[in-house]
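Peer 1: Could you work out the structure for the sequence below:
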Amino acid sequence: AAVEGRGKRFEVVPVGVSVGCKYSTAGTLGAKVLDVDSGEEMILSNWHVFVGRPNAEAGLSIWQPGWIDGGTREENTIAHLSRWVLGPYDAAVARIIDARRVLTTTVEGKGIVESAPPRLGMAVWKSGRSTGYTEGFIDGVMMRVPLNYREAGTHLLEKVFRIIPR
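Peer 2: Numbering: from 1, shown residues only. So this is what the prediction gives:
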């Protein structure tokens, strides 16, 4: 279940709230990013949030909130699925449309200020639909983890790092 009101519809959409498509229940809007080649604004999440099944098509509507949180109507569309990868990673991006503004900050007002490769002991935080704001530290890097995606089968994810809650 979504926590702290993260499953509601936001007129101005922060990172860390409910998103999804017709093939997934709901998940977390992970980040607002820029496409390196085109410079277009996009949103980033997991394959299982934005795609959800092997035969999904580019252009698929991405809703905010996700359908389990009530975002099943076209007026909840904030982006269209662009590209994705499942195995060795679990990621997808979607092009933002002009329906609503998407922020680079979380519900708490936190934003990504820098990036760095994960390292043992590194302090991290995240803002998620189902977990809210959490902090932790990295206690494993460069791991390989098999995950079962039901209809899409089991995929081996690589370069995974593990976070222990603080």
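
Peer 1: Can you give me the pLDDT of the residue most central in space within the chain?
Peer 2: The chain has residue 45 as the residue nearest its centroid, 2.3 Å off, counting by CA atoms, centre = their mean. If you check residue 45, the pLDDT there is 98.

Peer 1: Please apply the same query to residue 2.
Peer 2: 85.

Peer 1: distance of the residue nearest to the centre of the chain from residue 94?
Peer 2: Distance from residue 45 to residue 94, counting by CB to CB, to the nearest Å: 8 Å. Placement of C-beta: from N, CA and C, glycine included.

Peer 1: one step back: name the nearest residue to the residue nearest to the centre of the chain, ignoring sequence neighbours.
Peer 2: Spatial nearest neighbour of residue 45, chain neighbours left out: residue 30 (4.8 Å); criterion: CB to CB, 6 or more residues apart in numbering.

Peer 1: Quick check: bridge partners of residue 91?
Peer 2: residue 85 (DSSP bridges).

Peer 1: wouldn't it be in contact with residue 84 here?
Peer 2: Yes. Using CB atoms under 8 Å, residue 91 is in contact with residue 84, at 6.6 Å.

Peer 1: hey, what's in contact with both of these two?
Peer 2: Residues touching both residue 91 and residue 84 (CB atoms under 8 Å, 6 or more residues apart in numbering) are residue 47.

Peer 1: which one of those two has more residues nearby?
Peer 2: Between residue 91 and residue 84, counted using other CB atoms under 10 Å, the more crowded position is residue 84 (21 against 16).

Peer 1: which non-adjacent residue is nearest residue 162?
Peer 2: Residue nearest to residue 162 in three dimensions, not counting chain neighbours: residue 140, with 3.7 Å by CB to CB, 6+ apart.

Peer 1: three-state assignment of the one you found?
Peer 2: Secondary structure assignment for residue 140 (DSSP: H, G, I helix; E, B strand; the rest coil): strand.
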